[in-house]
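Peer 1: let's see this in three dimensions:
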Amino acid sequence: MIIGIGVDVVDITRIEKILQRRADLFIKKYFPCEYDNISIKPTKIAGLYAAKEAFVKAIGLGMDKTPLSKICIGYDTYGKPYIYGDLVRDNWIVHVSIAHDGGVAVAMVVIEEV
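Peer 2: You can find the predicted model right below:
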């Protein structure tokens, strides 16, 4: 049964400006799980940020109650993104898709309960 769907769009230029000013601080704050393996490309960061926000929308707890640092994103051997971390329940399957084009990154998350 589907228990949540979330979608988010991020302007890549906005992320690029943040990275130019304070890349290290931004990445440490929002991407502690991914910090060692992250590429500091604005398109990549924007996609990951969009996926984290889409996950928050899918679980329905609200942005103020869900720190993005608690949401972790990895990639399987085929390059497919997945979400893991304390907020992901054992009885959930979390589907995530990330894309970028035309100056924006978009992510969609669907959470199934099994």
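
Peer 1: ok, the host helix or strand of residue 97: who's next to it in the sheet?
Peer 2: Element membership of residue 97 [criterion: DSSP states H and E] is strand 92-101. Paired strands of strand 92-101, with direction, are strand 104-113 (antiparallel) (DSSP bridges).

Peer 1: which parts of the partner strand are buried?
Peer 2: 104, 105, 106, 107, 108, 109, 110, 111 (16 or more other C-beta atoms under 10 Å). Where you see a C-beta, it was placed from the backbone N, CA and C, and this is true even at glycine.

Peer 1: would a markdown table of these with pLDDT and distance to residue 16 be doable?
Peer 2: Listed next are these as a markdown table, based on pLDDT from 0 to 100; distance: C-beta to C-beta, whole Å:
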| residue | pLDDT | distance to residue 16 |
| --- | --- | --- |
| 104 | 98 | 12 |
| 105 | 98 | 11 |
| 106 | 98 | 16 |
| 107 | 98 | 18 |
| 108 | 98 | 23 |
| 109 | 98 | 24 |
| 110 | 98 | 29 |
| 111 | 98 | 30 |
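
Peer 1: what's stretch 48-66 in contact with?
Peer 2: 4-10, 15, 30-31, 34, 38, 68, 71, 73, 81, 83, 87, 94, 96, 98, 105-111 (C-beta atoms under 8 Å, 6 or more residues apart in numbering).
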